[in-house]
Each structure stands twice: as C-alpha cells, then as structure tokens.
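K.L.:
here is my input, please return the structure:
(2 chains)
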Amino acid sequence: EAQVTQNPRYLITVTGKKLTVTCSQNMNHEYMSWYRQDPGLGLRQIYYSMNVEVTDKGDVPEGYKVSRKEKRNFPLILESPSPNQTSLYFCASSLSRTDSSYNSPLHFGNGTRLTVT
Amino acid sequence: AQSVTQLGSHVSVSEGALVLLRCNYSSSVPPYLFWYVQYPNQGLQLLLKYTSAATLVKGINGFEAEFKKSETSFHLTKPSAHMSDAAEYFCAVSEGDSSYKLIFGSGTRLLVRP
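P.N.:
Model (predicted):
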C-alpha cells in the first residue's frame, strides 16, 4: 500500500531533550516536506526536500533540522525542543515539484502530536 | 506573494443541506488551487485541484469547486451534506513557474447536524 509513515504518533518530552520524528514513504517520491499544524494557523511549512541531499527552509524552520540521505526517508530533528514547538506535525511527499509534474498532489502521513513540557 | 483566506473557522449544516466553504486567494500569477480534507486523527487527503483547465472542478465524495478569477475565489460546495463529511477542510494555493510551495489556509471545520 502506498503510504507516508510517521513515527511516533504521540510524543511527550521535556525542554532541551533532543528528539527525532521519522518519516518514510514507499512511493519513490522525489519531494518531501514537513509541516506543523496549529489551531487557527493552518499548516506551515518547516523544511522541504526536492531530492536526496537537497533540502531547504520553509516558512518556520527555526529550531528544526532535517536530512535527506535516502530518497524514502526525511527525518525531522529537534536538537533542543522548547514548549513553543508543541504542535501537530505532518510529513508529506509528492512525485515531484518541478514544472512538468507541478500539480502532483501531496500525500500526507497521519501526523505526530508532540508535547514539550 | 501568494496567500489564502478561508472565511469561517467553523461551518455547521444540517444533514442533506448545501455545503459551502469559502476560499479566497491572492496570487501574482495564475495559481494552482487545491482543497484538502482532514478527518480526525488522520493526515490530509486531496479532494480536488484546479490547474487551469476547466473552471468547475469535480472532486471525490461529491464535492466540487469553481475557480472565479474575477473574484479570486475557489469555493468548495456539495449539494447535500452527509454525516461522514464532518471534517476539517483546507484550501491551498501554489503559483506556477517553479514554485515549490503550497500555502495553506487556516482551515474550516465542517460540522454536520443530524
């Protein structure tokens, strides 16, 4: 089954304790992206990756890191989490974001609810 | 710069009534427009997309949306609401010509009353 898999689904941690949220897709998609969803703000892009070893900042990258060493994986790293990073996080992927397949839809994971105390 | 405004954070309708969820966009070039739906505890799923072909776009589950350039709108409609339509709906815009980002609206939660 084609899917985007995020782990864990729920995570409670304390300020400053490094954590990683994993994201994996089995559709051979080039493009992957991380979003955070907060009430009244919709989804805001954190980082995205056009392909392996190609990553770039989205709208709210502060406090986050990503890597894209393999096509299928795109982990989100919080080196020193803070309470303002408490949010619902989504990983998404699509075939490509180049002009030729511009309207390829995003496929989303089921989300990771992170609480930082 | 592109942006999306969804009017109404919550919309409540009776089962069988018309669903109308509003979306207005701002874009300096012809946009690509999308509606996504999020069911509880799930990620977002694509409902429909506009990519400069027909202005009336039909999506899944009986939803459709009409692109109106003069009004910069892309409202989502469904003639008859079903209980299973209760979810949060997001409008998103992306500009053509090598733009890699989708900009999402703040979302509208649809409540369907029995």
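
K.L.:
OK, contacts around B:Pro114?
P.N.:
B:14-15, B:83 (CB atoms under 8 Å, 6 or more residues apart in numbering or on different chains). C-beta: built from backbone N, CA, C; applies to glycine.

K.L.:
would you list these in CSV and tack on neighbour count, pLDDT and secondary structure?
P.N.:
As requested, these are exported to CSV (neighbours: other CB atoms under 10 Å in any protein chain shown; pLDDT from 0 to 100; DSSP: H, G, I helix; E, B strand; the rest coil):
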residue, neighbour count, pLDDT, secondary structure
B:Ser14, 10, 97, strand
B:Glu15, 13, 97, coil
B:Met83, 9, 96, helix
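
K.L.:
what is the nearest of those residues to chain A?
P.N.:
Nearest to chain A out of the contacts of B:Pro114 is B:Met83 (CB to the nearest CB; 22.0 Å).

K.L.:
so where does the closest residue to that closest one other than its chain neighbours fall, helix or strand?
P.N.:
Nearest residue to B:Met83 in three dimensions, chain neighbours excluded: B:Val112, at 5.2 Å (CB to CB, 6 or more residues apart in numbering or on different chains). Assigned by DSSP states H and E, B:Val112 falls within strand B:108-113.

K.L.:
what comes up buried for that strand?
P.N.:
B:108, B:110, B:112 (16 or more other CB atoms under 10 Å in any protein chain shown).

K.L.:
pretty sure the first one contacts B:Glu88?
P.N.:
Yes. At 6.9 Å, B:Thr108 counts as touching B:Glu88 under the criterion of CB atoms under 8 Å.

K.L.:
bridging residues for B:Cys91?
P.N.:
Note on B:Cys91: beta-bridge partners by DSSP bridges are B:Trp35.

K.L.:
grab the most central residue of chain B for me.
P.N.:
In chain B, the residue lying closest to the centroid (CA atoms, centre = their mean) is B:Trp35, at 3.5 Å.

K.L.:
what sits against it?
P.N.:
B:21, B:23, B:46-49, B:59, B:63, B:65, B:74, B:76, B:89-92.

K.L.:
circling back to that earlier point, dump the buried residues of strand B:108-113 to TSV, plus pLDDT.
P.N.:
Formatted as TSV, the buried residues of strand B:108-113 follow (pLDDT from 0 to 100):
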residue	pLDDT
B:Thr108	96
B:Leu110	97
B:Val112	97
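
K.L.:
what's the closest non-adjacent residue to A:Asn110?
P.N.:
Nearest non-adjacent residue to A:Asn110, counting by CB to CB, 6+ apart: B:Gly43, 5.1 Å away.

K.L.:
show me the contacts for the one you found.
P.N.:
For B:Gly43, the contacting residues are A:4, A:90, A:92, A:108-111, by CB under 8 Å, 6+ apart.

K.L.:
A:Gly111 against A:Leu43, yeah?
P.N.:
No. With contacts counted by CB under 8 Å, A:Gly111 stays clear of A:Leu43, the gap being 10.6 Å.

K.L.:
isn't A:Lys71 up against A:Glu30?
P.N.:
Yes. Under the criterion of CB under 8 Å, A:Lys71 makes contact with A:Glu30 at 7.3 Å.

K.L.:
stretch A:83-93 and chain B in contact?
P.N.:
Yes. Contact of stretch A:83-93 with chain B (CB under 8 Å from any CB of the partner chain) involves A:90, A:92.

K.L.:
okay, buried residues for that stretch please.
P.N.:
Buried residues in stretch A:83-93, counted by 16+ other CB under 10 Å: A:85-87, A:89-93.

K.L.:
what residue ranges in chain A score low on pLDDT?
P.N.:
Along chain A, the model assigns pLDDT under 70 to residues A:96-103.

K.L.:
no more questions from me, cheers.
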